[in-house]
Structures are given as C-alpha cells and as structure tokens.
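# Sequence first, then the predicted structure:
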Amino acid sequence: MTDHREVRAGDRDRERVAEMLRVAVAEGRITLEELHERVDRAYTARTLGDLDEVVADLPVPGVPSPPVPVPVFADAAGALELHTVSGRVEQAGRWRVPAHISAKAGRWGKARIDFTRAECPHREVVLDVEITSWFGDIVVVVPRGWRVRDEDVVRRWMGAVHNHPPVPLAADGVTVRLTGYVQTGDVWVRYRRPPT
C-alpha cells in the first residue's frame, strides 16, 4: 500500500491547505510574509507529504487550541488581569473572585471569565473591559440570579455589549459592574445555571 505522503496532491488538497494558512494568519499564528511564502509552497506541492510540511507547525482544524494560562497579577488591591492581544485567555472552574478584574482583548483576542463555579465573597465586582479592535471579544458567564450592569461601558464606533438578564437579582446574588470601553468588538454576557 502506498504511503499517503507519496500520493499526488490535487487542486482541492492545495486549496484546503491555502485556506488553513489564511485562517492561521487571521489568528496571528503566522505573519503575512510567511503566508505568501507558504501559499507559494502549497500551490507548487507535488505530494500530500509536501502539503503536510507546509502546515506541520499549525493546529489541526476542528481541534481547539488549549487556552493560554491566565496571567494573574497580585497587585495591592488583589486585582485579576486577563489581557490578550490576539490569543485567548480564560478564568474558569473553581476560583476566588477578587473585587476588581481587568479584561482586555485586541484583534482576534478573546477573554472569557466564567463565574459559575467561582467563590465570590463580594456583593459587587468591578470588571473593567477594553476591546480595541475588530474581532476582539470578551465573554462573561455568570450564574442565574447574578446581575451584570453595563451602563458604565463606553461604546465607540461599532463596539457593543450584549446583555439580556433573564431574571432579577437573587437575594444572595452578586452584581458585576462593567466599566471601560469597547471600541469595535463585542462583550457577550451569558447567564447560566450553576453546575450541581
């Protein structure tokens, strides 16, 4: 049986690899210079093995990349900072919520803060958001019964905050007060039932 790497590549194979490269440059994994060089190699590839070499250092499509470890800064106020330019940062699972959190996302950046399993000793938490470019997202996941207030967020140009609380604040609920600004990206607030 012939090794697949020795099988001749077809136009569809080359197009599939070129699309993977376009996605990689959009995600900030390769530069535009690398894109041009690799696309040239893809379109001149003779075998599937040649194509494999062009994308060998890129993640497999459909398999999510592991989240970048969350940078935690213990400043005097004990604030948590989740900042990314073009990658992904996440705070989830069991964690202790500080009174102040800062989340920033640049082009293609995504910051996700999940409070559903967190221990929160505060009645109010300030979450300062900053999105400075298209395709930046901040996702805030809170348990039902919490309230997220977004009236202090400045929306510039096409920046938006999507927040539709399903129920009023519970007696033991926490208020997350959003501050900061969204230039062209989106803040998404999700209300979930806490895991049992």
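Here it is on my side, so go on.

# State which helix of the protein is the longest.
Ordering each helix of the chain by length in residues (DSSP state H) puts helix 11-26 first.

# what does that helix contact?
With C-beta atoms under 8 Å, 6 or more residues apart in numbering as the test, helix 11-26 has contacts from 30-32, 34-35, 38-39, 42-43, 45, 48, 51, 54-55, 58, 61, 108. Every C-beta, even on glycine, is put in place using the N, C-alpha and C of the backbone.

# please redo it, this time with the cut-off set to 10 Å
Residues from elsewhere that reach helix 11-26 (C-beta atoms under 10 Å, 6 or more residues apart in numbering): 7, 9-10, 29-39, 41-45, 47-48, 50-52, 54-55, 57-61, 86, 107-108, 135.

# What about these, which are in helices?
Checked against DSSP H, the contacts of helix 11-26 include these in helices: 32-39, 41-43, 48, 50-52, 54.

# Which among those count as buried?
Buried by 16 or more other C-beta atoms under 10 Å: L35, R38, V39, R41, A42, L48, D50, L51, V54, out of those.

# Name the nearest of these relative to W95.
Comparing these against W95 with C-beta to C-beta places L35 closest, at 37.7 Å.

# quick one: low-confidence ranges for this protein?
Scanning the chain for pLDDT under 70 picks out the ranges 1-4, 60-78, 134, 194-196.

# Let me see the ranges of the strands in it.
Ranges of strands in the chain, per DSSP state E, are 80-84, 88-91, 100-105, 110-114, 124-131, 137-143, 147-155, 160-162, 175-182, 186-192.

# Just send these back as CSV, with distance to A24 too.
Output for the strands of the chain, formatted as CSV (distance: least, C-beta to C-beta, whole Å):
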stretch, distance to A24
strand 80-84, 17
strand 88-91, 15
strand 100-105, 19
strand 110-114, 16
strand 124-131, 22
strand 137-143, 19
strand 147-155, 31
strand 160-162, 27
strand 175-182, 27
strand 186-192, 23
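
# okay, the ones you listed in JSON lines with mean neighbour count and distance to M20 next?
Output for the strands of the chain, formatted as JSON lines (neighbours: other C-beta atoms under 10 Å; distance: least, C-beta to C-beta, whole Å):
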{"stretch": "strand 80-84", "mean neighbour count": "20", "distance to M20": "22"}
{"stretch": "strand 88-91", "mean neighbour count": "20", "distance to M20": "19"}
{"stretch": "strand 100-105", "mean neighbour count": "22", "distance to M20": "24"}
{"stretch": "strand 110-114", "mean neighbour count": "22", "distance to M20": "20"}
{"stretch": "strand 124-131", "mean neighbour count": "22", "distance to M20": "27"}
{"stretch": "strand 137-143", "mean neighbour count": "21", "distance to M20": "22"}
{"stretch": "strand 147-155", "mean neighbour count": "16", "distance to M20": "35"}
{"stretch": "strand 160-162", "mean neighbour count": "15", "distance to M20": "30"}
{"stretch": "strand 175-182", "mean neighbour count": "19", "distance to M20": "30"}
{"stretch": "strand 186-192", "mean neighbour count": "18", "distance to M20": "26"}
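
# between those, which gets nearest to L169?
Using C-beta to C-beta as the measure, strand 147-155 is the one of those that comes nearest L169, at 4.4 Å.
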